[in-house]
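**Student:** when you get a sec, could you give me coordinates for this:
(2 chains)
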2 protein chains.
Amino acid sequence: MVHLDSPEIQSLLSEVEGKIVDNLKEGNEYMKSSVDYLFSSGGKLLRPLLLIIGSEAGRKKDRSEIINLAAAIETLHVATLIHDDIIDESEMRRGIQSIQSKYSKDYAVYMGDFLLSRSFLILAELDIPRELGVTLAKAVSRICTGEMRQYSNRFNLDITPMEYLKIVSGKTAALFSMGLSAGAYMCDADEAVVKKLGHIGYRLGLAFQLQDDLLDYTGDDAVVGKELQVDLIRGYYGLPVIHALMGDHGARVRTLLADGLSDDDVDEVIHLIREGGSIEFTKDLVVRYRNKTEKMIQGLPETPARSMLLELLPRFFDRIH
Amino acid sequence: MVHLDSPEIQSLLSEVEGKIVDNLKEGNEYMKSSVDYLFSSGGKLLRPLLLIIGSEAGRKKDRSEIINLAAAIETLHVATLIHDDIIDESEMRRGIQSIQSKYSKDYAVYMGDFLLSRSFLILAELDIPRELGVTLAKAVSRICTGEMRQYSNRFNLDITPMEYLKIVSGKTAALFSMGLSAGAYMCDADEAVVKKLGHIGYRLGLAFQLQDDLLDYTGDDAVVGKELQVDLIRGYYGLPVIHALMGDHGARVRTLLADGLSDDDVDEVIHLIREGGSIEFTKDLVVRYRNKTEKMIQGLPETPARSMLLELLPRFFDRIH
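**Tutor:** Residues are numbered from 1 along each chain as shown, chains lettered A, B, ... in the order given. Predicted structure coming up:
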């Protein structure tokens, strides 16, 4: 029985990170120090973990293929983070200064492109089956569309929960779904299992983002206000805000968001969101996703992938109570 | 005998452009109008043309594969232009407002990424041989490295012609080389021919960039000064400038570049570049490349590719006399 925190899994994840760093350093003498910097904070490597879990649903074991594919997907993910931070003007990423803030926006554009090209190189060298390549390319394209959709919907006070979930599905869920199912596909799992894992990954991705939205409202009040304020001023509205805009206090929330948003205004928005049941609405949705996802995992054949997913579930869904 | 301007070639190029636009529009409802805008100016489609020429060196004819591969490579190229314009803050591209200037830098970051992802999708669907995929991925990576190298060498008053040619080789020559050889490879040309075409494409790329450098010094004096001034102020030095920095007037040019660069200063730099034989030095290099390249083309087997390349040669090398 393989556990998520077992030395075996940890060592696989280290190998993935090693492959990522080696691949990037090999390709560009101008970036060695920034690559070291980038990976100094240590990411959570969630997508590689999903790939490894997916691979445990299969009949075949090819560690090296899985490590390479995981490195490609994580490199791709980091590239999108670097470009996102340009647009969001984020100062920090994973607890250290973001690339755009440390090196400049220009540098971040090139560095993101370079990471994309190196991700593509790993995939080309892997010679993955055509079907998987197309699925992966479509997932990448969907991430870009998700980003674009999110960007186009800034300051949209009429955005619906459905439209919001579409954004999340592109931005986060597409690659989670891809990771879990690709791992299984590469290791010769049954087609039905591959498909189910895709659905499970998709739901994990949605839940992950919704929990992020909820995190805006937990913990220290001063901190909560600060982070939410930045998002609101930039026109990014999470599900609780979107729900509040449609609720009883909708008109007041709309007025507050449409104007300048002083610190007091932000406090009032938070208050109205809490009063109007928008936190509960979001939590309920998460619980429904959780139950559905758990049922889907339980329906999987008895493989290490199944037990690892059951172990993983609370880490995705129970970050907020 | 197929001519470069024959209706057959023109119609192939139209098909490539159609494929590019369809592929982009299909993938993103948010970008349909900007895609139309982007292609409204009509590019020169040099890379697709090279691919088509390369394909004429082969034994096999598969127009549809060549059109798709050409669309992927041109999409990739346009993506790099969109991102370049962000860094260079270029207002114009191909005679119309650049994407970053018309829509915003943020939008341009996402649009470039989206184009990259769609280029990747075409390639994944094509299911090109592993060897070609790796070569292409390495070419893309080399473009990024070239961009990074160029960016890192801004304001470098000690940059050598060799270092400069390395930048150009990554930025321009890699994809020219790739285009010409990939077309031949896909159409089953002999391995030796594929290799030779790669070298020819590489030299065409270098010459193309050097001619661009020379264009800075021809035509109306006021216009010349204006465009060169922008590059010099941003710290981008072409080969004539680099040569002048190493010549008799080097110390003076260095002083002028290191300071603010008024209009008068730019006039003096241009004067010193002309006086010091830097234009001749660059032209000589172009002539040497031209002769070498012509000899290489003449050494190719008698195929339509050979005659088309001979027809193409002056378009690359004789833009400046």
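**Student:** and whichever residue of the stretch 151-300 of chain A sits closest to chain B, how many neighbours?
**Tutor:** In the stretch 151-300 of chain A, the residue that lies nearest chain B is A:Ser152 (5.3 Å; CB to the nearest CB). The way it works is simple: take the backbone N, C-alpha and C, and place the C-beta from them, glycine included. A:Ser152 is flanked by 14 other residues according to other CB atoms under 10 Å in any protein chain shown.
**Student:** again with A:Ser262
**Tutor:** Around A:Ser262 there are 11 residues (other CB under 10 Å).
**Student:** from A:Arg94, how far out is the closest residue to A:Ile96 other than its chain neighbours?
**Tutor:** Closest residue to A:Ile96 apart from its sequence neighbours, by CB to CB, 6 or more residues apart in numbering or on different chains: A:Ser41 at 4.5 Å. Per CB to CB, to the nearest Å, A:Ser41 is found 4 Å from A:Arg94.
**Student:** do A:Gln209 as well
**Tutor:** Counting by CB to CB - A:Gln209 and A:Arg94 are separated by 17 Å.
**Student:** do the same with A:Gly18
**Tutor:** 18 Å.
**Student:** same question, A:Ile273
**Tutor:** 27 Å.
**Student:** now A:Glu280
**Tutor:** From A:Glu280 to A:Arg94 the distance is 31 Å (CB to CB).
**Student:** please apply the same query to A:Lys32.
**Tutor:** Taking CB to CB, one finds A:Lys32 at 19 Å from A:Arg94.
**Student:** ok, which stretches of the stretch 1-150 of chain A are helices?
**Tutor:** In chain order, the stretch 1-150 of chain A shows helices spanning A:7-27, A:32-38, A:46-55, A:63-88, A:99-103, A:105-126, A:130-152, with DSSP state H, counting those that start in this stretch as the criterion.
**Student:** quick one: residues contacting the residue nearest to A:Ile96.
**Tutor:** Neighbouring residues of A:Ser41 by CB atoms under 8 Å, 6 or more residues apart in numbering or on different chains: A:Arg93, A:Arg94, A:Gly95, A:Ile96.
**Student:** who wins for neighbours among these?
**Tutor:** A:Arg93 (21 neighbours).
**Student:** would you check that it makes contact with A:Asp85?
**Tutor:** Yes - A:Arg93 lies in contact with A:Asp85 (CB atoms under 8 Å); the separation is 5.8 Å.
**Student:** need the overlap of contacts for those two.
**Tutor:** In contact with both A:Arg93 and A:Asp85: A:Ile99, using CB under 8 Å, 6+ apart.
**Student:** what's the spacing between the spatially closest residue to A:His199 that is not a sequence neighbour and A:Ile200?
**Tutor:** Leaving out its chain neighbours, the residue that sits closest to A:His199 by CB to CB, 6+ apart is A:Met296, at 6.3 Å. Distance, A:Met296 to A:Ile200, using CB to CB: 5 Å.
**Student:** neighbour count winner among these two?
**Tutor:** With neighbours defined as other CB under 10 Å, A:Met296 and A:Ile200 compare such that A:Ile200 has more, 28 against 15.
**Student:** how far out from the middle of the chain is stretch A:80-91?
**Tutor:** The chain centre lies 14 Å from the centre of stretch A:80-91; the measure is CA atoms, centre = their mean, to the nearest Å.
**Student:** quick check: buried residues in it?
**Tutor:** A:Thr80, A:Leu81, A:Ile82, A:His83, A:Asp84, A:Asp85, A:Ile86, A:Ile87, A:Asp88, A:Ser90 (16 or more other CB atoms under 10 Å in any protein chain shown).
**Student:** and stretch A:29-49, by the same measure?
**Tutor:** Neighbour count says stretch A:29-49 has A:Tyr30, A:Met31, A:Ser34, A:Val35, A:Leu38, A:Phe39, A:Gly43, A:Leu45, A:Leu46, A:Arg47, A:Pro48, A:Leu49 buried, by 16+ other CB under 10 Å.
**Student:** next: stretch A:117-127.
**Tutor:** Result for stretch A:117-127 [16+ other CB under 10 Å]: buried residues A:Ser117, A:Arg118, A:Ser119, A:Phe120, A:Leu121, A:Ile122, A:Leu123, A:Ala124, A:Glu125, A:Leu126.
**Student:** quick check: nearest residue in space to the fifth one, chain neighbours excluded?
**Tutor:** Sequence neighbours aside, B:Ala137 is the residue nearest to A:Leu121 in space, at 3.9 Å (criterion: CB to CB, 6+ apart).
**Student:** list the contacts of the one you found.
**Tutor:** B:Ala137 neighbours (CB under 8 Å, 6+ apart): A:Ser117, A:Phe120, A:Leu121, A:Leu123, A:Ala124, A:Glu125.
**Student:** isn't the fifth one right next to B:Leu136, touching?
**Tutor:** Yes - A:Ala124 is in contact with B:Leu136 according to CB under 8 Å; the separation is 7.0 Å.
**Student:** give me the phi and psi angles of the nearest residue to A:Asp88 once chain neighbours are set aside.
**Tutor:** Computed as CB to CB, 6+ apart, the closest residue to A:Asp88 that is not its neighbour in sequence is A:Arg234, at 7.0 Å. Dihedral angles of A:Arg234 (phi, psi; degrees, to the nearest 10) stand at phi -80, psi 0.
**Student:** same question, A:Lys61
**Tutor:** Per degrees, to the nearest 10, the backbone of A:Lys61 is at phi -120, psi 120.
**Student:** check A:Ser104 too.
**Tutor:** Torsion angles at A:Ser104 (phi, psi; degrees, to the nearest 10) stand at phi 120, psi 160.
**Student:** equivalent analysis for A:Asp5, please.
**Tutor:** The phi/psi pair for A:Asp5 (degrees, to the nearest 10) is phi -100, psi 10.
**Student:** so who does it touch?
**Tutor:** Neighbours of A:Asp5 in contact, by CB under 8 Å, 6+ apart: none.
**Student:** I'd say A:Ser141 and B:Leu116 touch.
**Tutor:** No - between A:Ser141 and B:Leu116 there is no contact under CB under 8 Å: 9.4 Å.
**Student:** the residue nearest to A:Leu12 when sequence neighbours are not counted and B:Leu126, how far apart?
**Tutor:** Leaving aside its sequence neighbours, A:Leu12 sits nearest to A:Ile52 (CB to CB, 6+ apart; 5.6 Å). As for A:Ile52, its distance to B:Leu126 is 30 Å (criterion: CB to CB).
**Student:** wouldn't A:Gly198 be in contact with A:Leu180 here?
**Tutor:** Yes - judged on CB under 8 Å, A:Gly198 makes contact with A:Leu180 at a distance of 6.7 Å.
**Student:** between those two, who's got more neighbours?
**Tutor:** A direct count of neighbours by other CB under 10 Å for A:Gly198 and A:Leu180 places A:Leu180 higher, at 31 against 21.
**Student:** pLDDT wise, what is the nearest residue to the more buried one once chain neighbours are set aside at?
**Tutor:** Residue nearest to A:Leu180 in three dimensions, not counting chain neighbours: A:Gly201, with 3.5 Å by CB to CB, 6+ apart. If you check A:Gly201, the pLDDT there is 96.
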